[in-house]
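K.L.:
The amino acid sequence is not available; the structure is as follows:
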């Protein structure tokens, strides 16, 4: 690109059709500006429609668990929804990240390159399955099969509140939602992690192997330290995806508005799933309240994504800056 | 390790250490291999279960009938209206997001400079992370309520375009960057203006990769349910005009049938899920094949 700006070029190609070039340049710049305006518009319209709901709820929006925005006597708030959103997303990452990183390491470091590419595409296919299909499969296939798993966790680890089910009921719980979410974020974390591991210079690995390191030691000493920043970024992008997932959770969870760490018990709800399940039956006030909750989700995912991108960029720059 | 204890002291240390290291290595490599298998199990289970459930329910009549006049206990009815809706909504989204996305990518790679370029790149990254339900809420607040247009397939197309745009931009940007500068310079040397160079040299060179990115973007939005819920809303009968009133869409159809308590509706949900997964997977696999034919390789 810099070559076109070189004044030493005698031909001056741009003079032949200055009009066409100006128009095209203007159109491309306008498209870039349109992206800016679109983001501003998204924030502005959500804030404008959410403001009346914030006004009605006041500070109770942050502390209230129930969700009765259309009922003048009852309040509504984000507390239970935000709790469920964060707990299900964090549980999903705890389940998904070891598998995602392990498979990415195997496919980039241990498998023959051709096999690694093919199996990588297969893992990517997990990301292509629509979330409504995961939801349907989750309700009819996974939830019944997770009941014995939940019961086992309750019996063996029930002394920890997280694994305790006080009335011995299991099923459409935050735990089940987290397992479905884990399957959905796995391909995203794995795909970015594969890219990150591929950036590690071959010389670093070969140096470790030449010093007599085993394959695993080369991974631990050369690959992992080098790619730490990128891996953190990949996990955070997975978190952003898990926080915003809607339909699969709306189908899997038996919605209830509670702040309760007993994740094996049925119930719980998330911001996104609540919008999907409540939207159809809501009146004008209810929809404003849902937009207000959606704005909170937007803000959370925005922060997570911006931080994640920052981490990935910084590690990429650090990687490029190495001698 | 105990077998090595009989040997001399130096031998014990080195032999047992070596033994321990190779055991750790074997365990770690096995664990990494196992995680690949664990990652692929859900894919097999989801596809297998959807195919086995869906193939029993998927009939010719399912694909050619709408839900108009179908009672809650009737086993008849189908997704014809939803398939029409999805085709129209995805077409609208593509008509907006593909040209706009290509222009944004051309701006970033060929024309942009300074803080505006950095801002656009950053915001495209931010847009990739917007949850699909938020895109739906935006179009609901802006189009359905703000402009009083009501629920429609067109509104759904707009919401899908918001989700599609960053995917198109990112993939097109990556491909445009791979086009060697030699080609651009050769074109300039022939006296071809910059915009003609972009249209006739740069874009065609990157076309296979861009096609792949566009198809993956189409596949992604075809499966989106959440935005449809807030913009198309759903409708039981065939509605061919995307601008007039609520419309259904295939993912929305699956979601609404799945939420029913009746077995006949759940059967329709499985048939719809199989149809949806077939469309999305065919798009994805064809996109990969196109990528394999590309002259430009990422690495």
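P.N.:
Looks like it arrived, so ask away. Please read these numbers as outputs of a predicted model, since none were measured by experiment. Numbers count the residues shown, from 1 in each chain, chains lettered A, B, ... in the order given.
K.L.:
Any regions of the stretch 1-150 of chain B where pLDDT drops low?
P.N.:
Along the stretch 1-150 of chain B, segments meeting pLDDT under 70 span B:1-13.
K.L.:
all helices of chain A, in order?
P.N.:
Using DSSP state H, the helices of chain A run over residues A:18-57, A:60-63, A:79-105, A:113-128, A:131-137, A:143-157, A:174-198, A:202-210, A:215-218, A:224-226, A:228-244, A:247-252, A:271-278, A:284-320.
K.L.:
need the least confident one among the ones you listed, by mean pLDDT.
P.N.:
Across those, helix A:284-320 has the smallest mean pLDDT, namely a mean of 87.
K.L.:
tilt between it and helix A:271-278?
P.N.:
Counting by axes from the mean of the first three to the mean of the last three CA atoms, to 10 degrees, helix A:284-320 points 150 degrees away from the direction of helix A:271-278.
K.L.:
As a markdown table, the helices of chain A with distance to chain B and mean neighbour count would be great.
P.N.:
For every residue, glycine as well, the C-beta is placed using N, CA and C. Below are the helices of chain A laid out as a markdown table (distance: least, CB to the nearest CB, whole Å; neighbours: other CB atoms under 10 Å in any protein chain shown):
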| stretch | distance to chain B | mean neighbour count |
| --- | --- | --- |
| helix A:18-57 | 4 | 17 |
| helix A:60-63 | 17 | 15 |
| helix A:79-105 | 3 | 23 |
| helix A:113-128 | 4 | 16 |
| helix A:131-137 | 5 | 29 |
| helix A:143-157 | 10 | 15 |
| helix A:174-198 | 4 | 25 |
| helix A:202-210 | 12 | 14 |
| helix A:215-218 | 4 | 19 |
| helix A:224-226 | 12 | 15 |
| helix A:228-244 | 2 | 24 |
| helix A:247-252 | 4 | 30 |
| helix A:271-278 | 5 | 26 |
| helix A:284-320 | 3 | 19 |
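K.L.:
Can you convert those into TSV and add a column each for distance to residue B:249?
P.N.:
Formatted as TSV, these follow (distance: least, CB to CB, whole Å):
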stretch	distance to residue B:249
helix A:18-57	22
helix A:60-63	32
helix A:79-105	25
helix A:113-128	18
helix A:131-137	10
helix A:143-157	26
helix A:174-198	20
helix A:202-210	47
helix A:215-218	48
helix A:224-226	44
helix A:228-244	19
helix A:247-252	12
helix A:271-278	14
helix A:284-320	20
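K.L.:
With respect to residue B:153, which of those lies nearest?
P.N.:
helix A:131-137 (17.8 Å; CB to CB).
K.L.:
circling back: quick one: closest of the helices of chain A to residue B:177.
P.N.:
helix A:284-320 (13.9 Å).
K.L.:
what about residue B:147, neighbour count?
P.N.:
By other CB atoms under 10 Å in any protein chain shown, 9 other residues sit near residue B:147.
K.L.:
separation between residue A:94 and residue B:216?
P.N.:
Distance of residue A:94 to residue B:216, given as CB to CB, to the nearest Å: 29 Å.
K.L.:
Then residue B:143?
P.N.:
On the measure of CB to CB, residue B:143 and residue B:216 end up 26 Å apart.
K.L.:
how would you label the residue nearest the centre of chain B: helix, strand or coil?
P.N.:
In chain B, the residue lying closest to the centroid (CA atoms, centre = their mean) is residue B:220, at 2.0 Å. Classification of residue B:220 using DSSP: H, G, I helix; E, B strand; the rest coil returns helix.
K.L.:
dump the residue contacts of it.
P.N.:
Contacts for residue B:220 (CB atoms under 8 Å, 6 or more residues apart in numbering or on different chains) come out as A:128, B:163-164, B:167.
K.L.:
change it to 10 Å
P.N.:
A:127-128, A:130, B:132, B:160, B:163-164, B:167, B:280, B:283-284 (CB atoms under 10 Å, 6 or more residues apart in numbering or on different chains).
K.L.:
do residue B:140 as well
P.N.:
Residue B:140 makes contact with A:45-46, A:49, A:275, A:279, A:287, A:290-291, A:294, B:146, B:151, B:155, B:159, B:227, B:229-231, B:233, according to CB under 10 Å, 6+ apart.
K.L.:
Residue A:275 and residue A:293 touch, don't they?
P.N.:
Yes. Assessed by CB atoms under 10 Å, residue A:275 is found in contact with residue A:293 at 6.6 Å.
K.L.:
quick one: common contacting residues for these two?
P.N.:
The contact lists of residue A:275 and residue A:293 share A:81, B:137, where a contact means CB under 10 Å, 6+ apart.
K.L.:
The most centrally placed residue in chain A and residue A:184, how far apart?
P.N.:
In chain A, the residue lying closest to the centroid (CA atoms, centre = their mean) is residue A:241, at 1.7 Å. Relative to residue A:184, residue A:241 is positioned 7 Å away (CB to CB).
K.L.:
any shared contact partners between the two?
P.N.:
Residues touching both residue A:241 and residue A:184 by CB under 10 Å, 6+ apart: A:92, A:127.
K.L.:
Which helix or strand contains the spatially closest residue to residue A:33 that is not a sequence neighbour?
P.N.:
Spatially, and ignoring its direct neighbours in sequence, residue A:33 is nearest to residue B:116 (7.6 Å; CB to CB, 6 or more residues apart in numbering or on different chains). Using DSSP states H and E, residue B:116 sits in helix B:114-128.
K.L.:
Just to check, residue A:281 is in contact with residue A:68?
P.N.:
No. Contact criterion CB under 10 Å: residue A:281 and residue A:68 do not qualify, at 11.8 Å.
K.L.:
Tell me the buried residues in stretch B:263-274?
P.N.:
B:264-274 (16 or more other CB atoms under 10 Å in any protein chain shown).
K.L.:
Considering only those, which also neighbour chain A?
P.N.:
B:266, B:269-270, B:272-274 (CB under 10 Å from any CB of the partner chain).
K.L.:
related to what we said a few turns ago, when residue A:281 and residue A:68 are compared, which one has more neighbours?
P.N.:
Using other CB under 10 Å as the criterion, residue A:281 and residue A:68 rank with residue A:68 on top: 15 against 8.
K.L.:
thinking again about what came up before, I'd like the buried residues of stretch B:263-274 as a markdown table, with distance to residue B:139 appended.
P.N.:
Formatted as a markdown table, these follow (distance: CB to CB, whole Å):
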| residue | distance to residue B:139 |
| --- | --- |
| B:264 | 32 |
| B:265 | 28 |
| B:266 | 30 |
| B:267 | 32 |
| B:268 | 27 |
| B:269 | 25 |
| B:270 | 29 |
| B:271 | 29 |
| B:272 | 23 |
| B:273 | 25 |
| B:274 | 29 |
